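Chemist: What follows is a protein structure lacking sequence information:
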């Protein structure tokens, strides 16, 4: 019961935070969602108290199911790596606002500016300049 | 017979090791060579795997040689093999384009694509749902790097959406796999044979998994992220993603539906309803977009339901129905890859893919126009390109059931194809026709080096049209391998597997 309630609270918080505009809040939301997922995985094993899953320390009848724990361990590692990427993405750029009105590439008309790397060898006559807004 | 199943882990291990080598090498040329050699070797290895599995049936390798049911297996049948061949063709061409367009000037580009290839090979060969999640993550983490790599604001915004959507879908996949383990006690696809048929609790758990994979495949109503994020990345990266990400999801949906849902026909109405909407949205939403690659993004949405709708028409002749879907998958990977790399060649030269800024390219770059026209013909389904056989096979197989649903789906396929035709004509009219552009130096042309990768893919598409006979034989052999679930289970589980769930409780009401 406590497990189900905790998962419910975590998912509620995650949904609320993911709907915010700022990237950092969304990252927090994704972290909460990841925690909820991990608890759900643990609930896939036996919910009641069990011994550690080492046959030499605990009788096999008392031991916990090691597989959900292994799942969660893998998931935590992956979630941590992804959170790092997300935080990096939120730190790049002018602010962490996720609402970007107009893609800047569409406003670039000078082939030397960004994308025309391979065209740089062609005789163009124009000079490279930043047109980024 | 000498057992060769130990080869399977190498499909994931070799690209991963070469990614590590590539990141250490200080010479760009050496990194470029590695990023080309590995996918090319993947094509050869995939061809060998196809021949071997066509002859000897499915093979599987339990890593660490644990007993079946406990081990984490790699498994391959002809279906996995043909997908490996095609993904590696697209990956090799996309990497070739990245090399000629100067994308690989970044030191990590080669390594990231190689890790992506690792994840694709692993996901196509794993027989374990949790390991599938892990390999999906192995695919996604380098993709996050690739999509944000070139660092314009649009790419960063696209990168954010891409990371968030995929992370959310992955977490949902993880939850689904956890539920599957909770209710059945196994995550081994071979051990879960038919577990989601009937009304057991595993149906809900597998439903969560399917929703998560559908989000990755870009199926309505969880498709909106795809045309908003892919066009923001560079053309080489988008070409790579178009062939790899969504098609791995399609592969897994096929595998799950055949193995775990046992091709149950009670979901047919749901599949058909979703796929019809998905077809129409993919066909017509592209008409509102403002750049070549955004239009192509919606063509990716448009192609997916043609493939997946075949899952709803398997009651008569599953082998041929799934073969039609598979043939369309292969055609779609090649054709969309060609179109994206073609528009990439235009973008690299003229610095924009915006429809309103380009015009008159048919006179300026006739070869580029020819390749684009060929790709457009193929994607709409005109001869002489692979799209025609793909669509004909799908329509013929759907017509086999001959009830009103079949006619409805065929009608929608025709309407959606007309929509795709309109989208392609719009691009053709604004970009390739019209008055010559004034702003660009008159000497500026799309160089042949940039055009070559997409031209090669269109030649492959043409070959798929000309050699349709052998190709259709090959896809029939592939779906025969996919449908031979018994041989797959025998290969994966071996003799005396342990921990295989008892179906009597799980298939309630069947």
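Modeler: All right, it came through fine. Quick caveat, the model's predicted, so the values are computed rather than measured.

Chemist: helix/strand/coil for residue B:75?
Modeler: Under DSSP: H, G, I helix; E, B strand; the rest coil, residue B:75 falls in the strand class.

Chemist: Touching, it and residue B:57? I think so.
Modeler: No - assessed by C-beta atoms under 8 Å, residue B:75 is found out of contact with residue B:57, at 11.1 Å. All C-beta spots, glycine's among them, are computed from the backbone N, C-alpha and C.

Chemist: which one of these two has more residues nearby?
Modeler: Per other C-beta atoms under 10 Å in any protein chain shown, whichever of residue B:75 and residue B:57 has more neighbours is residue B:75, with 26 against 16.

Chemist: what's the neighbour count on residue 81?
Modeler: Since no chain was named, I'll use chain A. 13.

Chemist: actually it's chain B I care about, not the one you picked
Modeler: Applying other C-beta under 10 Å, I find that residue B:81 has 25 neighbouring residues.

Chemist: so what's it scoring on pLDDT?
Modeler: pLDDT recorded at residue B:81 is 92.

Chemist: ok, for residue B:53, nearest residue in space, not its chain neighbours?
Modeler: Among residues not flanking residue B:53 along the chain, residue B:78 sits closest, at 4.8 Å (C-beta to C-beta, 6 or more residues apart in numbering or on different chains).

Chemist: How about the secondary structure of the closest residue to chain A within the stretch 401-510 of chain B?
Modeler: Nearest residue of the stretch 401-510 of chain B to chain A: residue B:441, at 4.7 Å (C-beta to the nearest C-beta). Secondary structure state of residue B:441, per three-state DSSP, is coil.

Chemist: residue ranges with poor pLDDT in chain B?
Modeler: B:1-2, B:150-155, B:508-510 (pLDDT under 70).

Chemist: Tell me the secondary structure at the most centrally placed residue in it.
Modeler: Closest to where the C-alpha atoms of chain B average out (C-alpha atoms, centre = their mean) is residue B:247, at 1.6 Å. What three-state DSSP gives for residue B:247 is helix.

Chemist: Chain B: strands as residue ranges?
Modeler: Along chain B, counting by DSSP state E, strands occupy B:59-62, B:73-76.

Chemist: If you count contacts, what does the last one end up packed against?
Modeler: Going back to what we said before, that points to strand B:73-76. With contacts defined as 3 or more C-beta pairs under 8 Å, 6 or more residues apart in numbering or on different chains; DSSP states H and E, the packing partners of strand B:73-76 are helix B:8-24, strand B:59-62, helix B:109-125, helix B:485-493.

Chemist: Select, out of the strands of chain B, the one closest to residue A:5.
Modeler: Closest of the strands of chain B to residue A:5 is strand B:73-76, at 37.4 Å (criterion: C-beta to C-beta).

Chemist: can you count the residues close to residue A:41?
Modeler: 26.

Chemist: Residue B:375 too?
Modeler: Residues lying near residue B:375 (other C-beta under 10 Å) number 29.

Chemist: okay but it is in contact with residue B:339, surely?
Modeler: Yes - between residue B:375 and residue B:339 there is a contact under C-beta under 8 Å: 4.0 Å.

Chemist: For the stretch 151-300 of chain B, what lies in contact range of chain A?
Modeler: The stretch 151-300 of chain B has residues B:151-157, B:159-161, B:163-164, B:167-168, B:170-172, B:174-175, B:177-179, B:181-182, B:232, B:234, B:290-291 near chain A, with proximity defined as C-beta under 8 Å from any C-beta of the partner chain.

Chemist: are any of those residues buried, and which?
Modeler: B:152-157, B:159-161, B:163-164, B:167-168, B:170-172, B:174-175, B:177-179, B:181-182, B:232, B:234, B:291 (16 or more other C-beta atoms under 10 Å in any protein chain shown).

Chemist: Provide a list of residues in contact with residue B:22.
Modeler: Residues near residue B:22 by C-beta atoms under 8 Å, 6 or more residues apart in numbering or on different chains: B:30, B:31, B:34, B:35, B:110, B:111, B:114.

Chemist: From residue B:104, how far off is it?
Modeler: 10 Å (C-beta to C-beta, to the nearest Å).

Chemist: any shared contact partners between the two?
Modeler: Joint contacts of residue B:22 and residue B:104 (C-beta under 8 Å, 6+ apart) are B:31, B:35, B:110.

Chemist: Quick check: which of the residues you listed are also close to chain A?
Modeler: Checking the shared contacts of residue B:22 and residue B:104 against chain A by C-beta under 8 Å from any C-beta, not one of them is in range.

Chemist: I'd like a version of those residues in a markdown table, one that adds neighbour count as further columns.
Modeler: Below are the shared contacts of residue B:22 and residue B:104 laid out as a markdown table (neighbours: other C-beta atoms under 10 Å in any protein chain shown):
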| residue | neighbour count |
| --- | --- |
| B:31 | 25 |
| B:35 | 28 |
| B:110 | 29 |
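
Chemist: which residues do residue B:375 and residue B:339 both contact?
Modeler: residue B:454.

Chemist: how far away is whatever residue of the stretch 301-450 of chain B ends up closest to chain A from residue B:444?
Modeler: The minimum distance from the stretch 301-450 of chain B to chain A, using C-beta to the nearest C-beta, falls at residue B:351 (4.0 Å). Going from residue B:351 to residue B:444 by C-beta to C-beta gives 10 Å.
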